[in-house]
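Q: Here is the input, now give the coordinates:
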Amino acid sequence: MAVINLTERRIRDLELGSGIFRDQQVKGLMVVCHRTTKTYAVQGDVRRNGRHVRTVRVKIDRVDRISLNEARRRAKALMSQIQGGVDPTASPEQSGITLAEALDLHLAERNLRPRTEESYRDHLDRYLSRFRRRAVADISRQDVRELFETISRRHGLTSAAGALRTLRAVINTARRIDETIGENPVDAVRLPAPPRREVDELDLGAFWLATKELSPIMRDLQRTLLLTGARRTSMLLVKRDHIDVERKVIRFTHMKSGGDLLFPMGDWLADTIRARLFDDEMLGSQWLWPSPTSKSGHIEEPKRPGIPSPHALRHHARTLMIAAGVPYAESALLLGHKLPGASGGYVHQAHLVEALRPYAQRLENLVLDGSRSLTAQAA
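A: You can find the predicted model right below:
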């Protein structure tokens, strides 16, 4: 492949079928002498993140249709694209999947709950917007380091770590789809582990007295959270028809681990929920914890001053189960956790409701005994 200083006259003098001649003045520009015609073309290497993706050649036009100056102008524009990592010969989907497209694919592949999907999209809109339309292959390790520093400075370390975990997951999905994408650039940043939640020790008697000062429905909700260890959203989305009064079972349908959880209520809790259903029947609500003033129709924010948060109550429930002598596997199943190991996948909580009932009763007995002791002292 000869390299010459192309001129209009030299191009006319080139013999048909003589091969390819590169221009000395414009990088990538060449004249291709075919058997019957001569054409201008440009050739260059598409590189992303410093690695070679592919070599592309783009036809510009026949030499008898455009001038050399026009060919050089077009060649410069095309080489600018190629050197920017864009393949001019590829269709849009082949020239590099964008982060926004990768997120859509990531969410489509998973059966995520609306709140989880909303969190992914919020991260893209709030923290990752600069990368939204960029090809994933073009996001460098330095880009990610700078992004992490910027988010940490403006919004805090926790927000930065959460945004980059989303970015890492979406890029991993893109890598499975586009084999030209190499390593995940998020690996350039050591993400801090989520901070361990510190929960103060629970005084059962004080908790019972504090909840007694709340409205009847809020009192029952707080106590039910402790006696079941249920997550906040799981509890708030319980409907009246999720309660089996005869079997003394609550069905939690909104579980982080997927599927439903059938929780066997202890005697005191079963009586409390039965009374709750009777008292609220006149409201005509579908929810176990109705709220006529909320848009959803159910209580949306159960946290109250002086009362541990719903997540803290879940921590306390797990701790109290140990104190009550509930074995590890049974306490995990009552909390809706997946058992570890291969054999854990063979255990189906819904088949073990009655086997788990004595352990739920142990937790309830411990809580009631703790609350009665303070009441007796106060009397």
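
Q: Excluding residues flanking it in the chain, which one is nearest residue 55?
A: Once flanking residues are discounted, residue 55 sits nearest to residue 45: 5.2 Å by CB to CB, 6 or more residues apart in numbering. To be clear about C-beta, it is placed using only N, CA and C from the backbone, and glycine gets the same treatment.

Q: Kindly report the same for residue 46.
A: Excluding the flanking residues, the one nearest residue 46 by CB to CB, 6+ apart is residue 53, at 4.5 Å.

Q: Touching the strand or helix carrying that neighbour from outside, list them.
A: Taking DSSP states H and E as the definition, one finds residue 53 inside strand 51-62. For strand 51-62, contacts defined as CB atoms under 8 Å, 6 or more residues apart in numbering pick out 37-47, 66, 71, 74-75, 78, 82, 85, 87-89, 137, 180, 182.

Q: Give me the buried subset of those.
A: Buried by 16 or more other CB atoms under 10 Å: 38-44, 46, 71, 74-75, 78, 82, 85, 87-88, 137, 180, out of the contacts of strand 51-62.

Q: what ranges do the strands span in the stretch 151-300 of the chain?
A: Under the criterion DSSP state E, counting those that start in this stretch, the stretch 151-300 of the chain contains strands at 243-244, 249-252, 261-264.

Q: Next, format those strands as JSON lines and append mean pLDDT and distance to residue 104.
A: As requested, the strands of the stretch 151-300 of the chain are exported to JSON lines (pLDDT from 0 to 100; distance: least, CB to CB, whole Å):
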{"stretch": "strand 243-244", "mean pLDDT": "96", "distance to residue 104": "38"}
{"stretch": "strand 249-252", "mean pLDDT": "96", "distance to residue 104": "30"}
{"stretch": "strand 261-264", "mean pLDDT": "96", "distance to residue 104": "31"}
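
Q: how many other residues sit next to the closest residue to residue 253 other than its chain neighbours?
A: In space, and not counting its chain neighbours, residue 253 is closest to residue 260: 5.3 Å by CB to CB, 6+ apart. A count of neighbours around residue 260, defined by other CB atoms under 10 Å, yields 14.

Q: Just want the most central residue of this structure.
A: The chain has residue 120 as the residue nearest its centroid, 4.7 Å off, counting by CA atoms, centre = their mean.

Q: Next, give phi and psi for that residue.
A: Dihedral pair for residue 120: phi -60, psi -50, per degrees, to the nearest 10.

Q: Fine by me, we can end here.
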